[in-house]
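J.: Would you be able to build a 3D model of this:
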Amino acid sequence: MPLDDSAIRATGLLVPRGRRGGHAVDLDVPSGTLLVITGGAASGKTALALTLAGRMPLRGGSLEVLGDSLPRNARSIRGRTGLVGDDRVSPLDGDLTVHHHIAEAVVLAGPWWRPWASVRATQQVIDRVDSASRRIASESRTPARPQLALDPRALVADLQPLARLTLSLALALVPHPQLLVVDDVDRLRDTDDRRMAWSVLLGTEAGLRPDLTIVATAQDPRELDDARRAAAASARPVVVLDLDAVSAEVAPAIPAPLHPDAAVAAESL
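T.: Here you go, the predicted structure:
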């Protein structure tokens, strides 16, 4: 899909908003864009992200993702979408190692007649993550932290939060999806960890191809603003949709400055 094609197009898409009903949004997101959905608790960030991923039913309006209309082609969208951050959909097993998780992802992404993963295929995933770590270290104001890299021998239960996110990203990218959904970047409580995570999502390494469209949710996106200032000029374009600013009818998502004074609160549907 060319970069100037729309990866997500919605008109009057109804987003549930806790017990307060819902609101409608319009979206026109070019392929290769990082769409950041922001808003306070119960603003509907997760619900909207999962709807775009074909994981939640439409409540109203029209929606087209990756050229397919929803809900009719939800199964096709799910097959071309990587999902990170929602433990109900993509859980990690704390009793398994990083290598075991990656090997399993390689098997699931491969042909049915090859129920095993070669050491080389698994190591290629690790190498991509290490390459991205070095790039971020050279471009970011925050020194690369050891937990960004993946130790194949480490148990998932022993991983730090940023390393868990890195592993989840690596697993989601193994099947080469066209759309990547990363829910709740704010679950990383450390400021530097969040800045590092945004730097990863802005980049085009470790499997994050320039034509890969990314949807990420966050309540407080100020570290994204920091990462954008520190990123190379080739970083992917960013569109911000602030659900707290959406009217009761329709509000378009357009490239906009971030709000550094946004409040930090616990995320809930």
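
J.: switch to C-alpha atoms for all contacts and neighbour counts from now on
T.: Noted.

J.: hey, where'd the strands end up in this protein?
T.: Along the chain, the stretches classed as strands by DSSP state E are 6-16, 22-30, 34-38, 62-65, 68-70, 81-84, 179-182, 213-218, 238-242, 250-252.

J.: So in that sheet, which strands flank the fifth one, and in what orientation?
T.: According to DSSP bridges, strand 68-70 forms sheet pairs with strand 62-65 (antiparallel).

J.: Identify each buried residue in the partner strand, please.
T.: 62-65 (16 or more other C-alpha atoms under 10 Å).

J.: Name the surrounding residues that touch it.
T.: Contacts with strand 62-65, where a contact means C-alpha atoms under 8 Å, 6 or more residues apart in numbering, come from 7-13, 52, 69-71, 77.

J.: May I see the PyMOL selection of the buried members of these?
T.: To isolate the buried members of the contacts of strand 62-65 in PyMOL, using 16+ other C-alpha under 10 Å:
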select buried, resi 7+8+9+10+11+12+13+52+69+70+71+77
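
J.: Save the contacts of strand 62-65 as a markdown table, and put in distance to Leu150 and pLDDT too.
T.: Listed next are the contacts of strand 62-65 as a markdown table, based on distance: C-alpha to C-alpha, whole Å; pLDDT from 0 to 100:
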| residue | distance to Leu150 | pLDDT |
| --- | --- | --- |
| Ala7 | 31 | 95 |
| Ile8 | 32 | 96 |
| Arg9 | 36 | 95 |
| Ala10 | 37 | 94 |
| Thr11 | 41 | 93 |
| Gly12 | 42 | 91 |
| Leu13 | 38 | 91 |
| Leu52 | 29 | 94 |
| Ser69 | 37 | 92 |
| Leu70 | 36 | 90 |
| Pro71 | 37 | 88 |
| Ile77 | 29 | 94 |
